[in-house]
Structure formats: C-alpha cells, structure tokens
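S.K.: Could you look at this predicted model? Sequence included:
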Amino acid sequence: MMFNEEFESLPRPALEALQLKRLQATVARVHASVPFYRQALAKAGIGPTDIKSLADLARLPFTLKQDMRDSYPYGLFATPLDDIVRIHASSGTTGKPTVVGYTRKDIDTWSELMARSFAAAGVHRGDIIHNAYGYGLFTGGLGAHYGAERLGASVIPMSGGNTKKQIMIMKDFGSTVLTCTPSYSLFMAEAAREEGIDFRGLKLQVGIFGAEPWSEAMRGEIEEKLNLCAIDIYGLSEIMGPGVAIECREAKKGLHIWEDHFIPEIIDPESGEVLPEGEKGELVITTITKEGIPLIRYRTRDITSITYEPCACGRTHARIARMTGRSDDMLIVRGVNVFPSQIESILMGIEGVEPHYQLIVERKENLDTLEVQVEVNEGLFSDEIKHLQALAHHIEKEIKDLLGVTCKARLVEPQTIARSEGKAKRVIDNRQLG
Amino acid sequence: MKVEQISIFIENKSGRLAEITRILGESGVNIRALSLADTSDFGILRLIVNDRETAKRVLKEKGFTVSKTEVVAVEVPDCPGGLAQILQTLDKQAINVEYMYAFVERCGENAVIIFRFDETDKAIQTLLDNGFNVLAGERLYAM
C-alpha cells in the first residue's frame, strides 16, 4: 500500500520534470540566501539560470560534512531562525555537532516521507508502533514518531534503553511494529529469552531497522528470533533523518529513495565523477524541497549503487542497494557516528596521553562494543592501581560525554600498537557485516 | 630513610612477567622484594632490586614503562599485634597506606614491611618518633 500513490508512482518523465523544477528553485534559493553556496557556485562558474536539465546537476559543487562543521552552528541555514521550528544534531569532531534546522514545512515533509516509509514496510492505521529509536538531538526517535502519527498508527514513544521495560510494554501493549537499530532488536530478543519470554508469542509483524549498517545474514537472524518481517531503512540527519529511503515490503530488493524530494547520484569517491546505474560508489544527495538547510550534492560517504528498474511494488522511485561501507573512516557504533579523529582529539585533550591509540570494534551478543586502547607512557603511569583505573574511567567518561558512545578504555604497554608505514591503522573492526 | 622502588606497567597477558624477570636476570639484577597488583586488564609490578639504575635502563630499553617511587621499609616486631601497632600509630596521625607488601629478611629475627604512604616524610617522622625501626635503602639493596 502506498501512502501517497500519486507521487510514489509518478511516471518517470513527470518525476524528472518535477525534480528539475525543484532543483532550479533550490539552486536559486541557496544562491540568494546562503553565502557559502553563493561563493561555491561562483567558484564552480555556474549560476542559478544555468540549470537547464538534470544533467547540469553534475556541474554543481559538492557539499561536505566538513562544510557543515565549518558553518557551525547556523551558517548553512537558508531561512532566518524565526522560521526554524526544530533543531537536531549529530555528533561531531571535538564535540561540535553537525546542526540541522527544520521549518514547519520541513517537518511536514519529513513526517510524510516517514509515513510513506512505514506504509512501504507494510505498516498501516491500526498498527501499534513501538518506537525504540532514541529521542533527543538524534533524529531517529522524533522522525519515526511524527511519521507514525502522520500515518495514523498508534505510536509508543519508548526511546532507547531500559530493555526489560521495553519487552514488558511490547508484550502488554500488543505492539505490532518495532523500530530500533538492528543490533538492539537482537539484544532485546536475547534479553527476552532470559526473562522466559518468547518473541514468537508477541504480536510483532514488522521491524524497521536502520541507523547502523547490517547484513543480509543479520536480517535472517532477526526474522528468525523476533518472528517478524525485517525492513531496512536509510537516512541521515544532514539530509533529513530517517526515511530518506526504505525497502518496500513487496520486493525487499533495494531501498526506494523518495526522488520527488531528493536527487541521488553515485560518484567515484576518488575522482568525483558520476557513475552509471548499477555501479558501486559513494551516494550523493541533493535536497530539492528543504527550506531550513537545503544541501547541494551532499557527499554521504556511504557506499552503495542505484537502480532505476521498475519495482514489483509499483513505485517509480529509484532504489539504492544496502549500504556496504564508507568512503571515509567513520564508524557507526550502536547507531552513533564516530570518527577516529574525534576519539583522537578527546585523547589529546587528556594530559599525558600520547597519540598512540587504537579502536577495536566488535559485535558481542549482537551489540557493538568499542574498545579504546591507549598506550601507557611514563607521564601517565602510576605505581598505584587506583590512579590508572581513574585514568581509564576518565577516558571512558569523556568519550561518553562528548560523543555519546559507551566504550571501554584499555591501557596497554608502549609499542603494542603497531606503527605501520604511512597511515597508522587506527581501527580494527571485527564486526562481520558482510 | 627512604627506599627506592621501581614499578613496571604490564598488560595482563601471558609471558610478560617471565619476560621481565628474564631481562633482569640476564643483566645481573637481583630482586630483593616484589609485589604484583593486578586488575583484569593490567598489572603493576613493584620491585626492590639491588641495582635500580641498571634495572630501569634495561627494562626501558625493552620498551617497558618504568617509574621510580619512594617507599618506606619498616621492621615489624615478630609477635602478635606487631603490625597492628605500627598501623595504629600511623592512623593517629591520619597517614594513609596506599599499599604495602612484606619483605622477608633471610636471617633476621623480624619481618620487614614495605609501605607506600600518602605522606612519606610525615610517616617516617612518626615512625621514628614512636621508636620503630625504619630501614635505610642501602641496607635493603645490599641484603
């Protein structure tokens, strides 16, 4: 079932005509109201009136995450703060988050696209949506919440954590839909088993999982253990939040990206060249209806491919493949974006800590764990255990406070972290995400 | 009246202690007393040796993190309540023991306890004022 059949099944020529009109309007607007874009467009030698066809998109400059950081907090806003009704943020280097603002119309669009996403996953009015995405600066919780309400389903605003209570509520309230990170769903299934509760006895039909990379094998495990249909959803706060793209229940073959609001491209991350349909590369998205922060050719760093082939569900919107990795060194740990450089700057801020560190990521009992190994030099060393333990706790707390991710700090002997030639290997990711 | 102890950081993995003792043995360093404090991740090996400088140098050369700490060696009467007396005296002066370990003198009548205090100088003065026998470092290294 489609939430907005007219737009979701718009014939391609009409869809592309709409995209062009909206792209032209967006370029004109950022040129007029965002100094960053006025300069970037001038540098690229292209003006708003030069966008004559969708092919001209490739002539526009890219926007990088760094550009958003450099504009912290409001530099990329295209509307006065008076028109912004909501502000979200994702974690950022040295504790400065990437800030995004939404106008009332942006919230309205986001709600509709999340409602479309729920409908594509087979959710409808009458469903009880157990929303275990975190509420707060992170876009997951409120994004799913507004979409659920727009759809007309009942939403339980659980947010993350407090697993025992989550299970009790799901059981007692008769939740039919679960939204959370894929790893948390498996963690809940395990916790339920320990409580003597079998997920197969619950009413859950559909799970909508995103905010972290997962594999086809993990889908099998989730569907088996939670006895539901697991759907992959994609989004990022810079573009909107959850609901940028989603798998349809009918095909479960690729995620439909809502093309009447976003124009996707796949580029070669090295050269920046646009790649043809089906080739693997970095996903670049241009927003064409956003008011608060319109973004031109935003480099997501997510590696995927795109197909325009007609889908069994009847939606005409292109599909992107399940994300297979990143073109930068960003890690996603329990739904939180973490760059090794962020950890590095936190460690450098702690007196005596040397720049020799390593991050070990594992998936244990279906939850990601992050271990930060720090070499102990003479400046840090103490002959008293309590001082060293206090140091480890301090590192853990700083990382938790600034990045919002729980880690374990492990103190290691000097020279135990390999000094490789050239670029040091900072991350050992032992999760097998396939 | 202070005694110099060397402390070494060791990760909690097999063979590290053997490695340290081998390095010291090969350099002719004799261990007089030792204590190992450990957690699940790491340990701290504390040593009183006959030749501190050599011990420090050879361990550092092998990449270990080594530090020097001043500790106090006190002779403890070998009778019930001997240690209690010392601790009571220190407690009255609000001096804290960070850690301690015993040192067995080969032919002596008394036991020796190595203490790490939060206030080393004040602790030594208190012990001397109360008639306890605080041993000089040189005597220990040469034992």
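M.R.: Okay, I see it.

S.K.: is it true that A:Val412 touches A:Gln373?
M.R.: Yes: look at A:Val412 against A:Gln373 with CB atoms under 8 Å: they come within range, at 5.0 Å. The C-beta positions use only the backbone N, C-alpha and C, and glycine is treated the same way.

S.K.: residue ranges with poor pLDDT in chain B?
M.R.: Counting by pLDDT under 70, chain B shows low-confidence ranges at B:105-108.

S.K.: Dead centre of it: give me the residue that sits there.
M.R.: B:Ile114 (4.8 Å; CA atoms, centre = their mean).

S.K.: That one contacts B:Val3, doesn't it?
M.R.: Yes: the pair B:Ile114 and B:Val3 qualifies as a contact (CB under 8 Å) at a distance of 6.9 Å.

S.K.: Name the residues contacting each of the two.
M.R.: B:Ile48, B:Val71, B:Val72, B:Ala73 (CB atoms under 8 Å, 6 or more residues apart in numbering or on different chains).

S.K.: Residue numbers of chain B in contact with chain A?
M.R.: B:5, B:7, B:9-11, B:16, B:37, B:39, B:41-42, B:44, B:46, B:63-67, B:69, B:98-99, B:116 (CB under 8 Å from any CB of the partner chain).

S.K.: Go ahead and build a ChimeraX selection from the buried members of the residues you listed.
M.R.: Selection of buried members from those for ChimeraX, criterion 16 or more other CB atoms under 10 Å in any protein chain shown:
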select /B:5,7,9,10,16,37,41,42,44,46,64,65,66,67,69,98,99,116
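
S.K.: For A:Leu295, see how far away A:Glu270 is.
M.R.: 22 Å (CB to CB, to the nearest Å).

S.K.: so what are the domain limits for chain B?
M.R.: Split into domains by automatic domain parsing, chain B comes to B:2-70, B:71-141.

S.K.: Give me the distance from the shortest one to the chain's centre.
M.R.: Using CA atoms, centre = their mean, to the nearest Å, we find the averaged C-alpha position of domain B:2-70 to lie 11 Å away from the chain's own average C-alpha position.

S.K.: so is the closest residue to A:Lys408 other than its chain neighbours in a helix, a strand, or just coil?
M.R.: With sequence-adjacent residues excluded and distances taken as CB to CB, 6 or more residues apart in numbering or on different chains, A:Lys408 is closest to A:Glu371, at 4.9 Å. Secondary structure, DSSP: H, G, I helix; E, B strand; the rest coil: A:Glu371 is strand.

S.K.: what's near enough to touch A:Glu371?
M.R.: Applying CB under 8 Å, 6+ apart to A:Glu371 gives the contacts A:Leu359, A:Ile360, A:Val361, A:Glu362, A:Cys407, A:Lys408, A:Ala409, A:Arg410.

S.K.: Which pLDDT value belongs to it?
M.R.: pLDDT for A:Glu371: 95.

S.K.: now it: how far from A:Gly140?
M.R.: 25 Å.

S.K.: swap in A:Glu238?
M.R.: Taking CB to CB, one finds A:Glu238 at 14 Å from A:Gly140.

S.K.: for A:Ala40, same thing?
M.R.: Per CB to CB, A:Ala40 is found 30 Å from A:Gly140.

S.K.: The two - which one has more neighbours?
M.R.: Legend: neighbour count by other CB atoms under 10 Å in any protein chain shown for A:Ala40 and A:Gly140, higher for A:Gly140 (27 against 20).

S.K.: With B:Ile20 as the reference, measure out to the more buried one.
M.R.: 49 Å.

S.K.: shaky segments in the stretch 51-200 of chain A?
M.R.: Looking at the stretch 51-200 of chain A by pLDDT under 70, you get A:91-95.

S.K.: all strands for it, in order.
M.R.: A:84-90, A:98-103, A:128-131, A:154-157, A:177-180 (DSSP state E, counting those that start in this stretch).

S.K.: Could you do the stretch 301-434 of chain A as well?
M.R.: Using DSSP E, counting those that start in this stretch, strands in the stretch 301-434 of chain A cover A:306-307, A:319-320, A:325-326, A:331-333, A:336-338, A:357-364, A:367-375, A:408-412, A:427-429.

S.K.: How about the secondary structure of the residue in chain B that chain A sits nearest to?
M.R.: Proximity of chain B to chain A (CB to the nearest CB) peaks at B:Ser7, 3.6 Å away. Here B:Ser7 is recorded as strand under three-state DSSP.

S.K.: ok so, going back, return the member of the contacts of A:Glu371 nearest to A:Pro73.
M.R.: A:Cys407 (26.2 Å; CB to CB).

S.K.: Please verify my assumption that that closest one contacts A:Lys397.
M.R.: No: if you go by CB under 8 Å, A:Cys407 and A:Lys397 don't touch, sitting 10.0 Å apart.

S.K.: So these two - more neighbours on which side?
M.R.: Here A:Cys407 and A:Lys397 are compared on neighbour count by other CB under 10 Å; more neighbours surround A:Cys407, at 22 against 12.

S.K.: I'd say A:Val195 and A:Lys165 touch.
M.R.: Let me fix one detail, which is that residue A:195 is Glu and not Val. No: checked against CB under 8 Å, the pair A:Glu195 and A:Lys165 is beyond contact range at 11.2 Å.

S.K.: what sits against B:Ile86?
M.R.: Contacts of B:Ile86 (CB under 8 Å, 6+ apart): B:Val74, B:Val76, B:Ile113, B:Leu127, B:Phe132.

S.K.: Look up how far B:Ser35 lies from A:Ala17.
M.R.: A:Ala17 is 80 Å from B:Ser35, by CB to CB.

S.K.: that older thread, next, give me the two most distant ones among the shared contacts of B:Ile114 and B:Val3.
M.R.: Among the shared contacts of B:Ile114 and B:Val3, B:Ile48 and B:Val72 lie farthest apart (CB to CB), at 11.6 Å.

S.K.: can you list residues touching both of the two?
M.R.: In contact with both B:Ile48 and B:Val72: B:Val3, B:Ile114, using CB under 8 Å, 6+ apart.

S.K.: Backbone dihedrals for the residue of the stretch 301-434 of chain A at minimum distance from chain B, please?
M.R.: Residue nearest to chain B within the stretch 301-434 of chain A (CB to the nearest CB): A:Asp383, separated by 3.6 Å. Per-residue torsions, A:Asp383: phi -80, psi 0 (degrees, to the nearest 10).
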